[in-house]
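Here is my input, please return the structure:
(4 chains)
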Number of protein chains: 2
Amino acid sequence: MAEQAETLRRTPLSRDRVLRAAVTLADEAGIESLSMRNLAQDLGVVPMALYKHVANKDELLDGMIDVIVGEIDPPVPDADWKRVIRERILSAREVLLRHPWAAIAIESRNEATPALLGYLNSMVGTLREGGFSTDLAHHVMHAMGSRMLGFSQELFDASRRAGRSGIAEPDPPAAFPAEAAAQFPHLAAIATAAAHDDTSVVGQGCDDQFEFEFALDLLLDGIERLRQQGWTSSRPPR
Amino acid sequence: MAEQAETLRRTPLSRDRVLRAAVTLADEAGIESLSMRNLAQDLGVVPMALYKHVANKDELLDGMIDVIVGEIDPPVPDADWKRVIRERILSAREVLLRHPWAAIAIESRNEATPALLGYLNSMVGTLREGGFSTDLAHHVMHAMGSRMLGFSQELFDASRRAGRSGIAEPDPPAAFPAEAAAQFPHLAAIATAAAHDDTSVVGQGCDDQFEFEFALDLLLDGIERLRQQGWTSSRPPR
DNA sequence: AAGATAGGTGTACGCCGTACACCTGTCAAG
DNA sequence: CTTGACAGGTGTACGGCGTACACCTATCTT
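Below is the predicted model:
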């Protein structure tokens, strides 16, 4: 069995194996635990070995992003633009929920990876096929922003938190401790109004999925209205 | 003059002076250059001296965020909700453009600072005074997400980039090198369609302010429509 | 005069990313 | 069958990071 472990450890590294291990590590221990040293240890290898497969940590992150972009569902066939876009964004959101570190990783990157560009490109393609002018499609992409990738866009998204992703972290009594409620009455009102089952907790009591779709549909409906009325930018020549 | 420098250096530290210096350093050298050691050096002091004024680096970041939240204009008086919200968000956006590191800093924090809660609270207050139910106000806050803080929300926002903020970084020929245009034709079409003056560059050729306001008004108009028709959540009891 | 206290200092530790020299097993060419 | 190139894992080392902890030294109170 020592033999077996040895064999397992000796499974040759590869860029793919490195990236997968990195994604798993980030999923389970949080992005801030993803160091070259920790990752190497998980792979039973010395840190510098990784550099034979990824140029540096930034490239590792890019690779990880590409891995999870690959998890987004392809466009559903034979549907109108709105449904295609909506479904795809919701799929992207599921991916982001599975990999809470990804939102931060993507945002902190300053160049898009090819896989990401490919995804965005196909989204624009969907719009164009749906009858959007390039002009309107362009503004739509801006308007959707990172929501195109299923970003929840919360100001403070508990799910992004550090270690051990969502597992075994009920975190129940945290959010609105009465003194804060006095200081921020409107926020308190909103938080409690939203709680359907149990009261008292802000990030807990409200249905994130509902909120996401609310915003998404608000945007999509507005966009559909613009499309129907043949909106064109007509902005001042400046 | 050595005397003078000495005196200057000896100006006693204070939490406020530390925070200001940190903001300046991040503005000028980029957030990744903001280390306790660099900051201490700018202040003519040994790194550990800072810890007499801020508990740790996270608290330093929180303090910096509070500083710039304080730069957002107060609500304009005697205006309808839409104008108040719109103006305030645009003011927040100006602040974020002045401090490109702030978006990342805010997003990577996982608890809101008091100043930030105060700002959000007053935004909700504006909505309530404008006739929104707490229910609708709640969803609106979610829908606006970090746009409430003037986030540009671009997927890849060049202005957030690393060092020396926007100064002396024309970065003109960067973005669409023809080979990419072939691979991502829709993105290429969008990028070139948007360029009014000069063609060819994506993040350069398009008018960020226009895009921001486009998305903002899309949301605000949709929200106004919901308000007028007395929208109520009526989501399934689940 | 004494002693508390606030605030700046110096040293040290454990983490990080990664440059660089090195070793080793595999495989192709001679 | 030898040889040598080369891919890929190893070991050491460096400079940077955040910060714990012990220390020193003005200043202010009593």
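
So which residues on chain A come close to DNA strand D?
When proximity is defined by C-beta under 7 Å from any atom of the strand, chain A lies next to DNA strand D at A:P12, A:L13, A:V45, A:V46, A:P47, A:M48, A:A49, A:K52, A:H53. Quick note: C-beta positions are derived from backbone N, CA and C, even for glycine.

And the strands in chain A, which stretches?
Assigned by DSSP state E, the strands in chain A number zero.

Apart from its neighbours in sequence, what residue is nearest A:N121?
B:F184 (4.0 Å; C-beta to C-beta, 6 or more residues apart in numbering or on different chains).

Just give the closest residue to A:I190, not the sequence neighbours.
Nearest one to A:I190, counting by C-beta to C-beta, 6+ apart, is B:H138 at 4.3 Å.

same question, A:M36
Counting by C-beta to C-beta, 6+ apart, the residue nearest A:M36 is A:P47, at 5.0 Å.

Now for that neighbour: which residues touch it?
A:P47 makes contacts with A:M36, A:R37, A:A40, as judged by C-beta atoms under 8 Å, 6 or more residues apart in numbering or on different chains.

Number of residues surrounding the second one?
Right, the one you point to is A:R37. The number of residues packed near A:R37 is 11, by other C-beta atoms under 10 Å in any protein chain shown.

and if you look at the last one?
By other C-beta under 10 Å, 19 other residues sit near A:A40.

Please name the residues that touch it.
Counted by C-beta under 8 Å, 6+ apart, A:A40 has contacts A:V46, A:P47, A:M48, A:A49, A:L50.

repeat that with 10 Å
By C-beta atoms under 10 Å, 6 or more residues apart in numbering or on different chains, A:A40 lies in contact with A:L13, A:V18, A:A21, A:V46, A:P47, A:M48, A:A49, A:L50, A:Y51.

Find the residue closest to the residue nearest the centre of chain A in space, skipping its chain neighbours.
Nearest to the geometric centre of chain A sits A:L96, at 3.4 Å (C-alpha atoms, centre = their mean). With C-beta to C-beta, 6+ apart as the criterion, A:L96 has its nearest non-adjacent residue at 4.9 Å, and that residue is A:G150.

just checking, the one you found touches A:P100?
No. Under the criterion of C-beta atoms under 10 Å, A:G150 makes no contact with A:P100, lying 12.0 Å away.

Can you check which residues contact both of those two?
In contact with both A:G150 and A:P100: no residue, using C-beta under 10 Å, 6+ apart.

thought A:L136 was touching A:R225?
No. The criterion here is C-beta under 10 Å, and A:L136 misses it with A:R225 at 11.4 Å.

Mind checking which of these two has more residues around it?
Counting neighbours by other C-beta under 10 Å for A:L136 and for A:R225 shows that A:L136 has the greater number, 20 against 14.

Phi and psi next, for the residue nearest to the more buried one when sequence neighbours are not counted.
Leaving aside its chain neighbours, A:L136 sits nearest to A:W231 (5.7 Å; criterion: C-beta to C-beta, 6+ apart). When read as degrees, to the nearest 10, the backbone of A:W231 gives phi -50, psi 140.

In this structure A:W231 contacts A:G131, no?
No. A:W231 is not in contact with A:G131 according to C-beta under 10 Å; the separation is 11.7 Å.

more crowded one of these two?
Counting neighbours by other C-beta under 10 Å for A:W231 and for A:G131 shows that A:W231 has the greater number, 16 against 13.

A:G70: how many residues sit nearby?
11.

For it, give its distance to B:H142.
29 Å (C-beta to C-beta, to the nearest Å).

Please name the residues that touch A:L116.
Taking C-beta under 10 Å, 6+ apart, one finds A:D62, A:I65, A:D66, A:I68, A:V69, A:I106, A:R109, A:M148, A:L149, B:L155, B:F156 in contact with A:L116.

Greatest separation within these: which pair is it?
Farthest-apart pair in the contacts of A:L116 is A:D62 and A:M148; separation 18.4 Å (C-beta to C-beta).

In CSV, list the C-alpha atoms belonging to stretch A:214-221.
The C-alpha trace of stretch A:214-221 is given here as CSV (Å, rounded to 0.1, in the frame of the first residue of the first chain):
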residue,chain,number,x,y,z
PHE,A,214,-35.6,40.0,-10.0
ALA,A,215,-32.6,42.2,-11.1
LEU,A,216,-32.0,40.0,-14.1
ASP,A,217,-35.5,40.3,-15.3
LEU,A,218,-35.7,44.0,-14.6
LEU,A,219,-32.7,44.4,-16.9
LEU,A,220,-33.9,41.9,-19.5
ASP,A,221,-37.4,43.4,-19.7
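
just to revisit the earlier point, please identify which of the contacts of A:A40 is nearest to B:T192.
A:V18 (37.2 Å).

so what's the closest one closest to, chain neighbours aside?
Once flanking residues are discounted, A:V18 sits nearest to A:H53: 4.9 Å by C-beta to C-beta, 6+ apart.

picking that back up, please narrow the contacts of A:A40 to those residing in helices.
A:V18, A:A21 (DSSP state H).

Tell me the pLDDT of A:N56.
A:N56 is assigned 98 on the pLDDT scale.

how near is it to DNA strand D?
Per C-beta to the nearest atom of the strand, to the nearest Å, A:N56 is found 13 Å from DNA strand D.

Next: A:A92.
Counting by C-beta to the nearest atom of the strand, the separation of A:A92 from DNA strand D is 32 Å.

nearest spatial neighbour of that residue, skipping sequence neighbours?
In space, A:A92 is closest to A:G150, 3.3 Å off (C-beta to C-beta, 6+ apart).

Contact partners for that neighbour?
So, once contact is read as C-beta under 10 Å, 6+ apart, A:G150 ends up touching A:72, A:88-97, A:102-103, A:212, A:216.

Same list (the residues of chain A next to DNA strand D) but as TSV, adding pLDDT and distance to B:S122.
TSV is the format used below for the residues of chain A next to DNA strand D (pLDDT from 0 to 100; distance: C-beta to C-beta, whole Å):
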residue	pLDDT	distance to B:S122
A:P12	77	59
A:L13	88	54
A:V45	96	53
A:V46	97	54
A:P47	98	49
A:M48	98	53
A:A49	97	54
A:K52	97	54
A:H53	98	51
